Every structure is written in structure tokens, then in C-alpha cells.
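**Student:** need coordinates for the below:
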Amino acid sequence: MTGSPVALPPAIDAEAQLSIDGMTCAACVSKVEKSLLAVPGVRSASVNLATERAQVRFDETLPGRSALEEAVAGAGFRVRSERAGAILEAEEELDRDRADVELRRRLVVAAVLAVIVHLGSHSARLPFSLGPLGLPVVLFALSVPVLLWCGIPFHVGLARSLRRGTADMNTLISLGSGSAFLYSTVAVFMPDIFPSDLRGHGSYPPLYFDAATAIVALILLGRLLEARARRRTRHAIRRLQALRPSSARVELPSGEIVSVPVDRVAAGDRVHVREGERIPVDGKVEAGSSYVDEAMLTGESYPVEKTAGSSVFGGTINGDSTLTYRATEVGERSALAQIIHLVEQAQASKAPVQRVADQIASRFVPIVLAVAFVTGAIWLSVGPDPQLGYALVTFISVLIIACPCALGLATPTAVLVGTGRAAERGIFFRGGEALEAAAHIDTVVLDKTGTLTVGRPELTNFEVFGDHGLLDVLTLVGSVEQESTHPLARAIAKTAESNGLELLRPSDVQSEAGQGIVGNVDGRIVHAGNLEFVSRHLEKTAPDEGVDAVALAEAMNSAAQSGTSVVGVLIAGRPAAVLQVTDPLREESAEAVRSLQEAGTEVVLLSGDHPEVAASIGRELRILDARGGLKPGDKARIVKELQAAGKHVAMVGDGVNDAPALAQAEIGIAMGSGADVAVEAADVTLMRPDLRLIEAAIGISRRTLRTIRQNLFWAFAFNVIGIPIAAGVLYPALGKLLQPAVAAAAMSMSSFLVVTNSLRLRQGRR
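**Tutor:** Alright, predicted model coming up:
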């Protein structure tokens with residue numbers, strides 16, 4: 001493998017990344033993007049809610065970063081100050097930790113008080129006495145901290161949305177909880193302004209402190225779960241960055257070797273890497289030979305031999321010998337840095353999922369406010385005595401029946417039940433966005449190594465020549481191969497041991513890097529290696545074995561065409577066997593691919609392994625589009641090309657090299673047994689290595705999305721029907737108003753319907 005494994009993105013005039021505070025929903029993202037795009041010279045702006053970052057591309061006409069910060073401030077948000085990379089990340093992480101702690105405190109207080117207020121509000125129906133907890137003044141006192149401290153983020157969000165001239169879920173939450181609290185507060189301290197028929201047999205009208213506190217507690221819980229999901233998304237980049245060593249052993253002009261921070265390594269420096277260490281920066285080998293594990297870049301199941309002139313890449317793992325190389329690409333131009341850039345770029349360029357509830361809220365809230373104020377004004381001006389009481393009842397009833405409980409529960413309840421159901425099947429969805437996106441998938445892109453295959457080389461075929469016995473040959477070759485650290489050798493030795501063979505201790509062992517190994521086992525000389533290696537030694541030791549030599553060559557060439565790794569064996573100079581070592585397919589791979597195709601889903605195979613290996617796997621699994629020899633950037637590019645052709649793509653992989661493609665796809669699906677960074681970069685993780693779970697994940701996603709749409713319909717329908725009734729349209733005919741208690745009952749009924757409909761997801765197919 002030569003050259004840089006990842007192509008740099010095309011040059012642009014300038015690019016800036018802004019860290020933004022205060023965004024809570026898709027409406028916030030849209031507002032920031034519009035404000036940035038309105039700045040002269042800005043060519044594109046993509047805001048990522050999960051990472052709280054904006055990626056902006058602009059030309060030289062832009063005055064500078066300050067113009068972008070002013071645009072964000074004009075939208076009602078704040079840009080975090082610019083610092084050096086590590087310092088900025090540390091500050092951002094500290095800010096998020098503080099915010100999470102504060103959110104948990106608010107949730108705990110709100111939940112505890114909401115339960116107490118609920119019990120106190122219904123104390124008359126309980127079989128035991130709660131003492132003073134049922135008193136209206138006590139209920140008010142318990143509700144104050146919930147509304148005025150726990151719910152302050154929603155009220156601040158309402159204020160911001162009013163300044164921006166928009167509406168979102170914060171608007172609904174603040175209005176819903178605030179109106180119920182305001183009505184109840186007035187009812188406690190000024191009960192006489194309400195009509196006597198509203199007060200019933202007691203001294204107070206119905207109170208709704210329990211509804212107000214419950215709204216705040218439930219929505220805070222949702223916010224906490226959302227914050228955790230965002231944090232996991234950000235961890236993908238940090239895990240990638242952690243693959244780079246912190247220091248490097250650099251040779252000084254004097255010949256002394258010293259350890260320096262990796263950031264101080266410059267192009268042209270001579271770097272030394274010992275066996276088992278990670279390579280710090282990219283470069284070209286000048287001395288030494290070794291096998292390097294490049295799975296993080298290529299997905300290759302076998303380490304790659306490195307000799308003088310070979311390219312090495314930062315973050316890969318050196319094998320069993322020391323290497324000395326000259327640094328070529330450092331810093332942001334290294335292969336690992338480019339992979340990190342690809343992941344960040346793909347995540348930032350994803351259009352955030354537009355939450356249906358926010359879209360409804362942006363149109364619904366202004367209508368509700370208008371109806372509530374107009375209703376109150378009409379009753380205040382032409383209503384019967386006491387006009388103020390009737391006006392307040394209708395005004396509050398409209399706001400209570402328009403409470404966002406059902407709208408707020410419509411999506412999270414379905415997501416919680418859907419993700420719980422998926423977890424029972426061994427599928428982990430990162431959040432509601434992943435569930436929604438997976439429902440539209442029509443193309444599944446599969447990695448090979450560790451995804452379709454088990455990721456561990458195994459001896460799969462053994463052909464013996466002449467009068468040699470199979471077990472005898474396996475004992476001899478296993479005895480020699482146990483002295484090698486090459487993965488092929490380990491697979492052969494492991495097979496011999498697993499068959500109960502007692503391996504012997506060889507002598508005079510010599511190996512040729514990338515070629516083969518020779519040793520003396522119990523007085524017999526054993527050669528094992530590739531065709532060139534065994535042919536060369538066969539010619540030297542047994543020139544009269546022409547027929548056997550031809551048969552050996554034909555057998556090895558024939559085996560190589562199937563895409564497997566081939567090892568030829570000589571014993572005492574005579575052809576003894578041909579061994580095939582391969583990374584076997586998972587047992588369920590064929591069934592999983594077939595079921596996806598039968599369901600109408602297109603399947604594509606992308607692999608960093610050799611093209612003939614990918615083609616062989618494709619033929620075996622009947623995958624028409626199978627491509628090999630791909631780098632991480634190639635996989636991400638192909639996914640982007642499929643998307644440009646109108647496909648909705650899911651990428652399935654398990655290695656670091658799959659991370660850019662996982663991030664680029666609408667849905668990234670990682671094998672739980674794979675690299676941590678692949679799991680972090682993905683939207684869906686299969687908790688066990690069973691590819692049949694892919695179709696199950698898509699099915700659960702589609703049922704969940706259908707449930708969300710049903711929930712939103714019913715939640716919205718209750719409001720559409722209930723608001724006119726709460727406004728008093730039936731009063732001329734019936735002479736009665738919809739009391740706030742009935743409005744609250746209707747609100748509760750819509751919430752109950754939404755939750756019940758979501759729970760139906762648990763009854764889906766296993």
C-alpha cells in the first residue's frame with residue numbers, strides 16, 4: 001500500500017467551525033443556519049445539533065469570524081470563545097458536565113415534588129390521610145420551585161423564541177405548564193372571582209398544580225436522555241484522536257534517540273518504532289522489516305509487510321520488529337487526521353431530522369395564543385357576569401387543552417418503547433433520529449472483514465500430495481509455524497493444536513519476511529510459504545521432482561483464484577501439501593443478505609481487502625455490487641454517490657476504517673464486537689454479531705415511525721377539536737362552558753391514548 005490512504009477534501013476559500021450554546025431543537029438549527037446564510041460571502045452553513053457545531057464555508061469577501069458570531073448572536077444564541085484545540089475541547093466538555101449535573105438536579109427536584117403534588121391533589125380519594133399536603137396553599141408552595149426553578153430552561157426558551165419571532169417545544173412547554181400554574185395560583189388566592197358553579201361544594205375551583213409539575217418533570221427527563229445521546233456522538237471523534245500516540249522516538253542529528261511530543265514531530269524527522277508500538281506519524285521506512293496491523297485504515301484481516309521504501313501511517317500498530325522511518329505527513333495531513341476530518345465533515349453535513357412536533361408547534365402555538373387572547377377578550381367584553389371570571393376560565397381552558405403533554409409524549413414514548421423492543425432483539429438505536437431515518441433505508445452497504453466474515457483467519461482447506469499423511473503433515477507444518485508471529489502461521493498452528501496434535505520444537509528455524517519459513521522438525525526439513533518461496537526451495541533441493549512441482553503450482557494457483565491466502569508445504573524437499581487460510585463468512589451472512597434482497601433492499605459490498613477476495617465473497621453471497629481495495633475515503637465517497645442517486649443508505653461495519661462511511665450514511669450500523677470508534681460513530685449497534693438483525697432493525701424503525709405519526713395525529717386532533725369547545729362555542733346552545741377540569745381530562749385522555757398506542761409496539765414480531 002503506497003501513498004496517502006485518504007484523499008483530502010477539495011480546496012475551498014475558507015472554512016470555520018463554531019461551537020454554539022443554547023440550541024435545543026430543529027427550529028433552533030434552522031434559525032442559526034438562516035442567520036449564517038444571510039451573511040454576505042457565506043457559501044454554505046451546516047449546523048449539527050448533536051455536536052452543537054456549525055460548519056461554515058465562505059469566500060474572501062467575508063469580514064471575518066466576528067461577522068459569523070454576530071449572526072449567531074442575532075439569532076439568539078452564543079458562540080463559545082475560540083481557543084486552541086485541546087483547551088477548547090476541555091472547556092466545552094467542562095461546560096457540558098456542568099450542564100448535565102444541573103439538568104439532573106432539576107429533574108430530581110421536579111420528579112419528587114411532582115409526585116408529592118399529585119398525591120396531595122387527589123388526597124380526598126386516597127384511603128389514608130396526607131395531612132396538610134392536600135391544602136391548596138401547600139400545593140402552591142410545592143409547585144413554585146418546580147415552575148420557577150426546575151422549569152426555568154423552558155421559560156428562557158420561550159423568551160428567546162419570542163425575541164426571534166418563532167415557536168418551538170419550549171414555547172408549548174412553558175405556556176402549558178405556566179397557564180396551569182397561573183390558573184391554579186389565582187384560584188388559590190382569589191377564588192371569589194370565579195363563578196360559584198365552578199367552585200362546587202368547596203371553597204376553591206379545581207386546581208391543576210399536578211398537571212403543571214408533571215409537564216416539567218417529564219420533559220426534563222426527555223432532555224436528559226437527549227443530552228446523553230449527544231455526548232455519545234461526540235465521543236466518536238475523541239476515540240479517533242486517542243488512536244494517535246502522545247509521543248514519538250525521534251533520532252537527533254547526533255544519533256541520539258529521544259522521546260518528544262508527537263505534535264513536535266516535523267516532516268523529515270527520523271522516527272524509531274519498537275515492536276508492538278503504535279506508529280506516531282505517517283512516513284516511509286528506511287530500515288528494518290516488520291508486519292504492521294493496518295486494519296484501522298484498510299480493514300485488512302492480515303498485517304501488511306513493511307520493508308525499506310514502504311509507507312507507514314500514524315495510529316497503525318507495528319508488529320514484531322523495530323522500524324526506522326522518515327516522517328512525511330504530520331499534523332492535519334496525516335492519514336488519521338484525514339479520517340477524523342471525514343467523520344466530522346459527514347456528521348456536520350447531515351441535515352438534522354426535522355422533528356414533527358416542532359414543526360407543528362411553530363404553526364400551532366401562535367394560533368393557540370391568538371385564540372386564547374381573542375376568547376378572553378370576547379368574554380370580557382360581551383360575556384355574562386362575572387365577565388372577568390368567565391374570561392379567565394375560557395382563556396385558561398384554551399391553554400390547558402392545548403397543553404403540550406400529548407404532543408410532547410408522541411415522539412419520546414414511541415421512541416422509548418421502540419428502542420426497548422429493539423434492545424430485546426439485540427439492537428441498540430442511538431435515539432429517535434436513528435429510528436426515523438432507518439425507516440426509509442432502501443440500500444444496505446456491508447463491510448467484509450468482521451461484518452460478513454468473523455474477522456479471524458482460519459485454516460479452511462488442506463490438500464495433501466503423494467504418500468504424506470494429513471495429520472503427519474499438519475503436525476510438522478504446525479510445529480514450524482508456531483515459531484512465527486504471522487497471522488497465517490498462527491491460524492495453521494492453532495488448527496493443529498485444536499485437533500489434539502502435539503507440536504514439536506523445531507530447530508534451525510529461519511524466516512523470510514513476506515515469503516515463508518523453514519525449520520528442522522525431528523530430523524525433517526519443513527518449508528512453508530508462498531508459491532515463489534516453495535518453488536525456489538524445491539528447485540534447489542529436488543530438481544528431479546518435476547511432476548510434483550507442476551501439480552503443486554497448479555494447486556496453489558487454483559486456490560489463489562478463490563481469493564484465499566495459500567501456503568505451500570515441502571517436507572524433505574518434496575511437495576507435501578497446499579493449505580488455504582481464509583477469514584470465513586459468518587453462519588448467518590447468506591441468510592441475512594438473502595432476506596434483505598427479498599425485502600426489496602439493495603445490498604452493496606465494500607471492502608478494503610483485495611478486489612478478488614471481495615468479488616469471491618460477492619459471488620458466494622450473490623451480491624451484484626461487490627468492490628474491494630477501498631480506503632476509508634473511498635467507502636465514504638461511494639456512500640455519498642449512492643445518496644446522490646436518490647438512495648437511502650445504511651452502512652454496516654465494525655472497524656475504524658468504516659467510521660467515515662458510517663457517519664456519511666443516513667444510518668451507520670456497527671457490529672457490537674467491533675472497534676469502539678465504529679460503535680460510537682454509528683447510529684445503530686448490533687449487540688451480537690448477527691447480520692439478520694439489520695432487517696429486524698429496519699422493521700422496528702418502520703413500525704415505530706408509523707406509531708409516531710399516529711400519535712401526532714391524535715394529539716393534534718384532540719387540540720383541534722377541544723380548543724373551540726374550550727373557547728365557548730357550545731355556550732349559546734348549552735348554556736355551559738367547558739370547565740378547566742374537563743379540559744384537563746381531555747388533555748389527559750389524549751396523553752393516555754398516545755402512551756397506549758406506543759405500548760402496542762411491544763406486541764410486535766420477535
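**Student:** per-domain residue ranges of this protein.
**Tutor:** Domains of the chain are assigned by automatic domain parsing as 14-82, 247-333, 435-453+587-693, 458-582.
**Student:** residue 702: how many residues sit nearby?
**Tutor:** By other Cβ atoms under 10 Å, 16 other residues sit near residue 702. Heads up, the C-betas are built off the backbone N, CA and C, glycines and all.
**Student:** tell me which element it falls in.
**Tutor:** Secondary structure assignment for residue 702, by DSSP states H and E: helix 693-727.
**Student:** list the buried residues for that helix?
**Tutor:** Across helix 693-727, burial judged by 16 or more other Cβ atoms under 10 Å covers 693-705, 707-708, 710-712, 714-716, 718-719, 722-723, 725-727.
**Student:** for the host helix or strand of residue 476, packing partners?
**Tutor:** Element membership of residue 476, judged by DSSP H and E, is helix 470-481. Here helix 470-481 touches strand 458-464, helix 487-498, strand 516-521, strand 524-529, strand 565-571, strand 574-582, going by 3 or more Cβ pairs under 8 Å, 6 or more residues apart in numbering; DSSP states H and E.
**Student:** by contact count, what packs against the second one?
**Tutor:** What that stands for is helix 487-498. strand 458-464, helix 470-481, strand 565-571, strand 574-582.
**Student:** pull that helix out as PDB, backbone CA atoms only.
**Tutor:** Output in PDB follows, covering the C-alpha atoms of helix 487-498 (Å, rounded to 0.1, in the frame of the first residue of the first chain):
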ATOM      1  CA  PRO A 487      -1.500 -14.400  11.300                       C
ATOM      2  CA  LEU A 488      -1.400 -17.200   8.700                       C
ATOM      3  CA  ALA A 489       1.100 -19.100  10.700                       C
ATOM      4  CA  ARG A 490      -0.900 -18.700  13.900                       C
ATOM      5  CA  ALA A 491      -4.100 -19.900  12.200                       C
ATOM      6  CA  ILE A 492      -2.200 -23.100  11.000                       C
ATOM      7  CA  ALA A 493      -0.600 -23.800  14.400                       C
ATOM      8  CA  LYS A 494      -4.000 -23.200  16.100                       C
ATOM      9  CA  THR A 495      -5.700 -25.700  13.800                       C
ATOM     10  CA  ALA A 496      -3.000 -28.300  14.600                       C
ATOM     11  CA  GLU A 497      -3.400 -27.800  18.300                       C
ATOM     12  CA  SER A 498      -7.300 -27.800  18.100                       C
END
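**Student:** could you point out the helix or strand that follows it?
**Tutor:** strand 507-512.
**Student:** packing partners for that following strand?
**Tutor:** So strand 507-512, by 3+ Cβ pairs under 8 Å, 6+ apart, packs with strand 516-521.
**Student:** what comes up buried for the strand it packs on?
**Tutor:** 516-519, 521.
**Student:** report the two of those separated the most.
**Tutor:** Comparing all pairs in the buried residues of strand 516-521 by Cβ to Cβ, the longest separation belongs to 516 and 521, at 14.8 Å.
**Student:** mean confidence score for the helix or strand containing residue 105?
**Tutor:** In this assignment (DSSP H and E), residue 105 forms part of helix 85-121. Averaged across helix 85-121, pLDDT comes to 78.
**Student:** CA atoms only: put stretch 451-469 into PDB for me.
**Tutor:** What follows is stretch 451-469, C-alpha atoms only, in PDB (Å, rounded to 0.1, in the frame of the first residue of the first chain):
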ATOM      1  CA  THR A 451     -19.000  -7.900   9.300                       C
ATOM      2  CA  LEU A 452     -19.800 -10.500   6.700                       C
ATOM      3  CA  THR A 453     -16.800 -12.500   8.000                       C
ATOM      4  CA  VAL A 454     -15.800 -13.400  11.500                       C
ATOM      5  CA  GLY A 455     -12.600 -11.400  11.300                       C
ATOM      6  CA  ARG A 456     -10.300 -14.200  12.400                       C
ATOM      7  CA  PRO A 457      -8.200 -16.200   9.800                       C
ATOM      8  CA  GLU A 458      -8.800 -20.000   9.900                       C
ATOM      9  CA  LEU A 459      -7.300 -22.900   8.000                       C
ATOM     10  CA  THR A 460     -10.200 -23.900   5.800                       C
ATOM     11  CA  ASN A 461      -8.700 -26.400   3.200                       C
ATOM     12  CA  PHE A 462      -5.900 -28.900   3.300                       C
ATOM     13  CA  GLU A 463      -4.700 -30.800   0.200                       C
ATOM     14  CA  VAL A 464      -2.000 -33.500   0.700                       C
ATOM     15  CA  PHE A 465       0.400 -34.700  -2.000                       C
ATOM     16  CA  GLY A 466       2.000 -38.100  -2.500                       C
ATOM     17  CA  ASP A 467       2.200 -40.600   0.400                       C
ATOM     18  CA  HIS A 468       2.200 -38.000   3.100                       C
ATOM     19  CA  GLY A 469      -0.400 -38.400   5.900                       C
END
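**Student:** buried ones in it, by neighbour count?
**Tutor:** Buried-residue list, stretch 451-469, by 16+ other Cβ under 10 Å: 451-455, 457-460, 462-465, 468.
**Student:** same question for stretch 628-646.
**Tutor:** Those buried within stretch 628-646 under the rule 16+ other Cβ under 10 Å are 628, 630-640, 642.
**Student:** can you list the residues you listed in TSV and add secondary structure and pLDDT?
**Tutor:** Conversion of the buried residues of stretch 628-646 to TSV gives the following (DSSP: H, G, I helix; E, B strand; the rest coil; pLDDT from 0 to 100):
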residue	secondary structure	pLDDT
628	coil	82
630	coil	82
631	coil	78
632	helix	78
633	helix	83
634	helix	88
635	helix	88
636	helix	89
637	helix	92
638	helix	94
639	helix	93
640	helix	92
642	helix	94
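**Student:** which regions of the stretch 251-400 of the chain lie under the pLDDT threshold?
**Tutor:** The stretch 251-400 of the chain contains residues with pLDDT under 70 at 295-302, 338-365, 386, 388-389, 400.
**Student:** surely residue 286 meets residue 324?
**Tutor:** Yes: the criterion here is Cβ atoms under 8 Å, and residue 286 meets it with residue 324 at 5.4 Å.
**Student:** overlap in contacts, the two.
**Tutor:** residue 270 (Cβ atoms under 8 Å, 6 or more residues apart in numbering).
**Student:** neighbour count winner among those two?
**Tutor:** residue 324 (17 against 13).
**Student:** show me the contacts for that one.
**Tutor:** Contacts of residue 324 by Cβ under 8 Å, 6+ apart are 251, 270-273, 285-288.
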